[in-house]
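A.B. asks: Coordinates only, no sequence provided:
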């Protein structure tokens, strides 16, 4: 893991978030959420600042960031589309939906379109099994996705 020294701006903004939350019980996750909210991602250069501020190793902080899929090292697109890949959605055709989305957007899972319009993420159960295949677009559930709905979603995120 190659970590560059934090810029003054990243370090000072990260330290402000740490100072605000460090007295919470289990402050690492809230701090990471705060940093991601502030920067649109958790910059790698913020990791040693967080580690130092919480008296953790960089490896411990990196391990948490890399374990949870919602933390990003790069900012997401203007829209985030999370497509369920759990068993119920797979049995109802989410693989075909994923293939169509990837083809229309020109990206794979964990990627952002070149125009910055959308980031495509896999998720493993949205709790919408009765509406399979399901997705979440910018935090809003979308159920019963078929080929027609895929085209509507792509048009919506590209608008």
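C.D. replies: Perfect, thanks for sending it. Computed from a prediction, not measured in an experiment: that's the story for all the values here. Numbering: from 1, shown residues only.
A.B. asks: ranges for the strands of this protein?
C.D. replies: Along the chain, counting by DSSP state E, strands occupy 79-84, 111-112, 118-123, 135-137, 140-142.
A.B. asks: out of those strands, which comes closest to residue 103?
C.D. replies: The minimum distance between residue 103 and those falls on strand 118-123, with 11.4 Å, by C-beta to C-beta. In this view, the C-beta of every residue, glycine as well, is placed from N, C-alpha and C.
A.B. asks: which residue is nearest the middle of this structure?
C.D. replies: With distances taken as C-alpha atoms, centre = their mean, residue 70 lies nearest the centre of the chain, 3.7 Å away.
A.B. asks: ok, that one to residue 9 distance?
C.D. replies: 24 Å (C-beta to C-beta, to the nearest Å).
A.B. asks: before we move on, what about residue 83?
C.D. replies: The gap separating residue 83 from residue 9 is 35 Å, by C-beta to C-beta.
A.B. asks: between the two, which one's more packed in?
C.D. replies: Each of residue 83 and residue 9 has its neighbours counted (other C-beta atoms under 10 Å); residue 83 has more, 25 against 9.
A.B. asks: what's the closest non-adjacent residue to the more buried one?
C.D. replies: Distances taken as C-beta to C-beta, 6 or more residues apart in numbering place residue 135 nearest to residue 83, at 4.7 Å, with adjacent residues excluded.
A.B. asks: Measure how buried residue 148 is and give me the count.
C.D. replies: Per other C-beta under 10 Å, the neighbour tally for residue 148 reads 8.
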